[in-house]
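Participant: Build the 3D model from these lines:
(chains A and B)
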Number of protein chains: 2
Amino acid sequence: MPWKAVNLPFHQMLERIRAGDKSALACAITLVEQRAPERIPLLRGLFPFTGGAQIIGITGAPGSGKSTLIAQAIRAYRQQQKRVGVIAVDPTTPYSGGSTLGDRVRIQNGPGASDAFIRSMANRGRLGSIAPATADVATLLDASGKNRILIETAGTGEDELDIMSVTDVLVALAVPGTEDDLPMGKAGLMEAADIFVINKSDRDGVNQLEAALRESLALNRRPDNWRPRIIKTVASTGEGVADMIAAVDAYFQFLQQHNLALSKAIAKWQVRLLQMVREHLTELLLGPEYGPLFEGFAVSVAERQLDPYTVMERLTGIVTGGSSASAKTKTLRAS
Amino acid sequence: MPWKAVNLPFHQMLERIRAGDKSALACAITLVEQRAPERIPLLRGLFPFTGGAQIIGITGAPGSGKSTLIAQAIRAYRQQQKRVGVIAVDPTTPYSGGSTLGDRVRIQNGPGASDAFIRSMANRGRLGSIAPATADVATLLDASGKNRILIETAGTGEDELDIMSVTDVLVALAVPGTEDDLPMGKAGLMEAADIFVINKSDRDGVNQLEAALRESLALNRRPDNWRPRIIKTVASTGEGVADMIAAVDAYFQFLQQHNLALSKAIAKWQVRLLQMVREHLTELLLGPEYGPLFEGFAVSVAERQLDPYTVMERLTGIVTGGSSASAKTKTLRAS
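Facilitator: Numbers count the residues shown, from 1 in each chain, chains lettered A, B, ... in the order given. Just a heads-up that it's a prediction; the model follows:
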């Protein structure tokens, strides 16, 4: 068992993470990043102690000032006695290259960094999305007592959109005078973001950008009736950061007041469960138990003895077991 | 059944596609792009008539001249009496926006376009990769008698790397004097590409680029011992395009001579089968039969009555059915 690396039995590992022990947390994050099978009992054991954190996505183009804004947010949260964790996602880092130290160090050196546990997540390569591991790290930070978890991504690519879908609230950064930094260009971001931050708002073009954002927002009435806030910040001086934090809190209050928290959580878990099942199925089909069967099927298709659609249905036949969903529901409920 | 749109029973639809009928093919491509369930019997019925085409991936940064090169390749293939199909992939197009007409029109107006069936594929949104639909369109084109299928992508993002993994041969474009257009920057591309094309090779910096490519290639000895070719082209004049086509043919000859075609096909089908099973599982969990069960699980997790790891294992328990792989293998072989 890899947690023997810290010479701890399972229950002590769990207790240490709950107590916020940094070396136990680092070990657990490594397990999660490596997708080690041992992560599952650990995460399951920690789940009852999660749910207390705001999971806040921070997205914006490279250069929009995400890391600086996060360093300031850490300071502001600290003044409120909040415990902050940060996950920086950089999918451009190649699979074998591990995490990017640059961002990690930059934020750790920022003000009030001592309460922030920072981890840059590397892309997991072709077969896996980076979303499940990111969500699992958030679970670990949540269980360890962090009550504000900031997930930073550039928001490019499918994978990063997937990550955004497991956050509770999404903050999108835009910078005046740089068309590229407008979040409007990105498919779905105008609809998905709950709060817009105009960073570097001491620059020219801030009014234009704000007007463009307001116009775009006016076209999208959200089903939940939340009106996305527009906050102006200058991350380098900390100006406006308290407003951003207040806007995040206001969003959570809005969800509570309108009894929307549960329906939001259900939607989030649907996305996350789908990611988890997909990932687990991939692990099974490439793992020691089903791997040989799966490879045998690939050989049969390559030799054109079986067609791939029949194979897909047979492999999915393992899924459905050939019986009806209602019978299955009964079995599952009984178990 | 959607193919009633063309007023045809299933077997006639199949026959018309095999005969290369463009309206039947367009209808089938629409079914595939929409991921309609009817696509599966159709693709299964057509599978025995596929396998005759070279599926050629063409990747390069925007502006590297992919479309122009492809228009010239169509002309060159026509002179060899080859039947060409082209799939242009543009994942930046939003889900609801359909295909990008720009590229389609550009290539259709090119020389010898009458034999090319061109389809720009739009991104399928968050839950699905664009790879399965792209591979299915290639299957349709293959069954319709095309023997050269060119898949054009900018090669950015996970999804497009997934598409590349279902091609038989990968051609990567680079342009002298533009650092961005060097394929070396992209993770995995130097290892994955079988042929490098230096396009716009009438520009300055061609020797430098060629030297850099050779140096980089010298560092990577491929397990199959193929030495990736470097071809210089000027797509706007057609210069070097015949050499590119010859290099593609040489690669297929190399695979035949060294008995590598089967092992390459097995590796390709492993990736593709995994994509197919993942996609099918997603369709099942969001579909009418399992959807309510799946949503009920999401509610239970959101209400914190069940932990997500237990749910994942229960949903995967539908996968494995709780019995061992060997028992399952027996059942599957008997079916």
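Participant: and A:Asp307, backbone torsions?
Facilitator: According to degrees, to the nearest 10, the main-chain angles of A:Asp307 amount to phi -90, psi 150.
Participant: Kindly report the same for A:Ala19.
Facilitator: phi -80, psi 0.
Participant: Run through the stretch 101-250 of chain A and note the low-pLDDT ranges.
Facilitator: Low-confidence segments of the stretch 101-250 of chain A (pLDDT under 70): A:101-129, A:155-161, A:179-188.
Participant: Strands along that one, start to end?
Facilitator: A:118-122, A:148-153, A:169-174, A:195-198, A:229-232 (DSSP state E, counting those that start in this stretch).
Participant: can I get those in TSV with distance to chain B and mean neighbour count?
Facilitator: Heads up, the C-betas are built off the backbone N, CA and C, glycines and all. Shown next, in TSV, are the strands of the stretch 101-250 of chain A (distance: least, Cβ to the nearest Cβ, whole Å; neighbours: other Cβ atoms under 10 Å in any protein chain shown):
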stretch	distance to chain B	mean neighbour count
strand A:118-122	10	23
strand A:148-153	14	26
strand A:169-174	14	25
strand A:195-198	19	26
strand A:229-232	23	18
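Participant: Turn those into CSV, columns for distance to A:Leu43.
Facilitator: What follows is the strands of the stretch 101-250 of chain A, written out as CSV (distance: least, Cβ to Cβ, whole Å):
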stretch, distance to A:Leu43
strand A:118-122, 16
strand A:148-153, 15
strand A:169-174, 22
strand A:195-198, 29
strand A:229-232, 33
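Participant: closest one to A:Val299 among the ones you listed?
Facilitator: Among those, the nearest to A:Val299 by Cβ to Cβ is strand A:118-122 (32.4 Å).
Participant: before we move on, the earlier item: right, so of the strands of the stretch 101-250 of chain A, which gets closest to B:Ala154?
Facilitator: strand A:148-153 (20.6 Å).
Participant: between the closest one and strand A:169-174, how many degrees?
Facilitator: 50 degrees (axes from the mean of the first three to the mean of the last three Cα atoms, to 10 degrees).
Participant: all helices of the stretch 201-335 of chain A, in order?
Facilitator: A:206-219, A:241-257, A:261-286, A:291-302, A:308-320, A:325-334 (DSSP state H, counting those that start in this stretch).
Participant: quick one, which of these is packed in tightest?
Facilitator: helix A:308-320 (a mean of 21; mean count of other Cβ atoms under 10 Å in any protein chain shown).
Participant: sorry, back to before: lowest mean pLDDT across the helices of the stretch 201-335 of chain A, which one is that?
Facilitator: With a mean of 39, helix A:325-334 has the lowest mean pLDDT of those.
Participant: Tabulate the helices of the stretch 201-335 of chain A (JSON lines), appending distance to A:Met164.
Facilitator: JSON lines is the format used below for these (distance: least, Cβ to Cβ, whole Å):
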{"stretch": "helix A:206-219", "distance to A:Met164": "18"}
{"stretch": "helix A:241-257", "distance to A:Met164": "15"}
{"stretch": "helix A:261-286", "distance to A:Met164": "10"}
{"stretch": "helix A:291-302", "distance to A:Met164": "31"}
{"stretch": "helix A:308-320", "distance to A:Met164": "28"}
{"stretch": "helix A:325-334", "distance to A:Met164": "30"}
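Participant: possible to save those as CSV with distance to chain B?
Facilitator: Below are these laid out as CSV (distance: least, Cβ to the nearest Cβ, whole Å):
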stretch, distance to chain B
helix A:206-219, 14
helix A:241-257, 13
helix A:261-286, 4
helix A:291-302, 4
helix A:308-320, 4
helix A:325-334, 5
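Participant: mind checking which of the strands of the stretch 101-250 of chain A is nearest A:Thr310?
Facilitator: Across the strands of the stretch 101-250 of chain A, closest to A:Thr310 is strand A:118-122 (Cβ to Cβ), at 37.1 Å.
Participant: before we move on, back to that, tell me which of the helices of the stretch 201-335 of chain A lies nearest to A:Leu42.
Facilitator: Closest among these, using Cβ to Cβ: helix A:261-286, at 14.7 Å.
Participant: if I read this right, A:Thr316 contacts B:Thr282, doesn't it?
Facilitator: No - applying Cβ atoms under 8 Å, one finds A:Thr316 not in contact with B:Thr282, separated by 10.8 Å.
Participant: what sits up against stretch A:193-211?
Facilitator: Here stretch A:193-211 makes contact (Cβ atoms under 8 Å, 6 or more residues apart in numbering or on different chains) with A:59-60, A:64-65, A:69, A:169-177, A:182-183, A:213, A:217, A:226, A:228-236, A:239-240, A:244, A:247-248, A:251.
Participant: rerun at 7 Å
Facilitator: Identification of contacts with stretch A:193-211 by Cβ atoms under 7 Å, 6 or more residues apart in numbering or on different chains yields A:64-65, A:69, A:169-177, A:183, A:213, A:226, A:228-235, A:240, A:244, A:247-248, A:251.
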